[in-house]
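A.B. asks: sequence and predicted structure are below.
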Amino acid sequence: MSGIEQYFGEGFDCACGRHHRTAFGNFELSHGAIKKLPEILKNLGFKKPFLLSDTNTHLAAGAEVEEVLKASGIPFVSHILKSPENGNLTPDERTFGSAAMGLSGEPSCDVVVSVGSGTINDTGRLLSFLTGREFLLVMTAPSMDGLVSGVAPMIYNDLKTTFPAHAPLALIGDLDVLVKAPDIMIAAGAGDIIGKYNCLNDWKLSRIVNDEYYCETIAGIMGEAVRKTAESVNGLAAHEEQAIADLTEALVFSGLAMDFSGNSRPASGAEHHMAHYWEMQALFEKRHANLHGTEVGIGAVIALSVYEILAGMEKPDFDALKKGAYGRMPYEAWEQEMRRCYKEGVDAVLTLEKTAKKNDPEELIARLDRIEAHWDEIIALAKSAPSPEKIDEMLLTLHGARRPYEVGISKDKVHDAIMYAKELRNRYTVLQLMWDLGKLPEVADVLTERYGG
Ligand SMILES: [Zn+2]
Ligand SMILES: [Zn+2]
């Protein structure tokens with residue numbers, strides 16, 4: 001993949017009728033990229049960076065960043081958060097508070113430089129945003145696609161909350177560092193991209209059913225990122241430099257695609273909703289969360305299995321479905337299920353349904369009309385979707401988890417995710433389509449049996 005720069009700067013007028021533009025425009029991906037940090041800082045006019053890392057990322061790259069700055073005579077403050085004994089730092093109040101306290105005594109620091117890829121990235125982008133500083137990111141692993149996004153997902157009051165923040169002014173990926181990233185992080189980054197095999201179908205599905213905005217250019221950018229990653233799985237498993245570079249670019253492209261569309265539609269579908277659902281459950285149970293991309297990969301296998309079931313379906317009796325729309329899901333029963341599944345996070349779900357009306361009988365009937373009219377097109381889309389086995393093989397090659405039980409997700413949480421993860425967002429996916437067709441409970445039973453362990 002190359003030519004990422006063509007999308008920077010002024011942006012472009014797209015065939016979809018919109019002007020696409022990103023604020024992000026400084027991407028240094030190379031051997032020894034960390035050595036270029038002093039020059040990048042100088043070019044951007046920064047004099048004293050506040051370096052944010054944790055014990056793990058300091059070891060991976062932070063110490064080198066410090067050496068490079070020292071050698072070039074740039075003063076800096078280094079704040080190293082303590083990583084837990086086993087696992088990674090959580091992006092919560094404690095982590096953010098520690099970073100903020102570290103910065104509070106250093107008013108002369110004019111830029112926050114995060115050295116990390118997950119928690120340290122999000123913490124740094126929020127901290128810099130709130131304190132009116134710019135933000136730079138030195139990546140330590142190609143583990144997820146939120147690199148250039150303008151928001152910071154954090155854990156707040158035990159709930160995942162997305163805070164407005166800003167994208168890094170520059171992103172530095174040192175291939176000497178990235179090739180040493182652990183298998184699990186590389187597999188997670190690839191999983192986040194491989195999940196797009198599903199979400200691009202969900203986007204097309206919603207265009208067919210809801211006439212949702214769809215951009216061929218953005219979908220094309222994402223499709224290319226997915227293709228490159230899929231071709232690189234053997235190289236990624238061997239930590240080959242070219243493969244790692246391709247994955248890193250794919251993750252950046254994914255971020256650009258979201259920037260261009262103005263939401264996460266090109267990068268997130270049913271596979272992400274299920275991943276978000278499981279992540280919430282881990283929070284409720286105070287268990288350590290899996291890497292985001294790990295759960296996205298597992299979700300993609302399940303979501304593509306739903307497409308596979310759809311591809312084999314006979315045309316349903318739409319008149320009967322429309323007649324039964326009013327008895328489908330009494331609100332009280334639905335709310336009870338939401339309280340069971342979403343616990344202290346239920347308010348957001350109940351509020352969303354008031355505007356989204358996904359389960360409203362009249363909306364359902366209107367959708368069934370459109371699904372009926374476009375049935376052949378929908379089946380053709382389902383038939384063109386990649387097989388779940390293909391994703392399975394890729395995850396196996398990457399030494400990544402493929403089944404929920406491998407990462408502590410119980411059978412009932414697989415069933416609940418298939419049934420109710422759709423309630424997390426107002427975004428049409430194959431799960432909502434199956435609900436519309438009255439098939440979702442059956443699909444949940446079949447796939448929980450197949451994948452739940
Ligand atoms: Zn467009
Ligand atoms: Zn993702």
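C.D. replies: Sure thing, it's come through. Since this is a predicted model, take the numbers as computed values, not measurements. Numbers count the residues shown, from 1 in each chain. Ligands and ions are numbered 1, 2, ... in the order given.

A.B. asks: helix, strand, or coil at the residue of the stretch 251-400 of the chain found nearest ligand 1?
C.D. replies: When scored by C-beta to the ion, the stretch 251-400 of the chain has residue 260 as its residue closest to ligand 1, at 6.6 Å. C-beta: built from backbone N, CA, C; applies to glycine. Secondary structure, DSSP: H, G, I helix; E, B strand; the rest coil: residue 260 is helix.

A.B. asks: that one touches residue 22, doesn't it?
C.D. replies: Yes: here residue 260 reaches residue 22: they are 6.8 Å apart, a contact under C-beta atoms under 8 Å.

A.B. asks: any idea how far residue 400 is from residue 293?
C.D. replies: 8 Å (C-beta to C-beta, to the nearest Å).

A.B. asks: list residues touching both of those two?
C.D. replies: Contact criterion C-beta atoms under 8 Å, 6 or more residues apart in numbering; residues shared by residue 400 and residue 293: 187, 188, 190, 191.

A.B. asks: could I get the contacting residues of the third one?
C.D. replies: So the one you mean is residue 190. 229, 232, 233, 236, 247, 293, 297, 394, 398, 400.

A.B. asks: ok, of these, which come out buried?
C.D. replies: 229, 232, 233, 236, 247, 293, 297, 394, 398, 400 (16 or more other C-beta atoms under 10 Å).

A.B. asks: restrict the contacts of residue 190 to those near ligand 1?
C.D. replies: Contacts with ligand 1 within these, counted by C-beta under 5 Å from the ion: none were found.

A.B. asks: alpha carbons of whatever helix or strand residue 354 lives in, as CSV, please.
C.D. replies: Element membership for residue 354, per DSSP states H and E: helix 346-356. Presented in CSV, the C-alpha positions along helix 346-356 are these (Å, rounded to 0.1, in the frame of the first residue of the first chain):
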residue,chain,number,x,y,z
VAL,A,346,-28.8,0.4,30.6
ASP,A,347,-29.9,4.1,30.6
ALA,A,348,-27.9,4.8,27.4
VAL,A,349,-29.5,1.8,25.6
LEU,A,350,-33.0,2.8,26.7
THR,A,351,-32.5,6.5,25.7
LEU,A,352,-31.0,5.4,22.3
GLU,A,353,-34.1,3.3,21.5
LYS,A,354,-36.4,6.3,22.0
THR,A,355,-34.8,8.0,19.0
ALA,A,356,-33.5,5.0,17.0
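
A.B. asks: re the thing from before, from the buried ones among the contacts of residue 190, which is closest to residue 165?
C.D. replies: residue 293 (20.2 Å; C-beta to C-beta).

A.B. asks: ok now the helix holding residue 354, how far from the chain's centre?
C.D. replies: Centre-to-centre, helix 346-356 and its host chain are 22 Å apart (C-alpha atoms, centre = their mean, to the nearest Å).

A.B. asks: following the chain onward from it, which element is next?
C.D. replies: helix 361-373.

A.B. asks: tally of neighbours for residue 54?
C.D. replies: Neighbours of residue 54 under the rule other C-beta atoms under 10 Å: 27.

A.B. asks: is it fair to say residue 394 lies in a helix?
C.D. replies: Yes: checked against three-state DSSP, residue 394 lies within a helix.

A.B. asks: just the angle between the host helix or strand of residue 412 and helix 346-356, please?
C.D. replies: Per DSSP H and E, residue 412 falls inside helix 411-420. Per axes from the mean of the first three to the mean of the last three C-alpha atoms, to 10 degrees, the angle that helix 411-420 makes with helix 346-356 is 20 degrees.

A.B. asks: tell me how many other residues surround residue 338.
C.D. replies: Residue 338: 18 neighbours (other C-beta under 10 Å).

A.B. asks: for the helix or strand bottoming out on mean pLDDT in the chain, which strands pair with it and how are they oriented?
C.D. replies: Ranking every helix and strand in the chain by mean pLDDT, DSSP states H and E puts strand 159-164 at the bottom, with a mean of 87. Applying DSSP bridges to the sheet, strand 159-164 is found paired with strand 151-156 (antiparallel).
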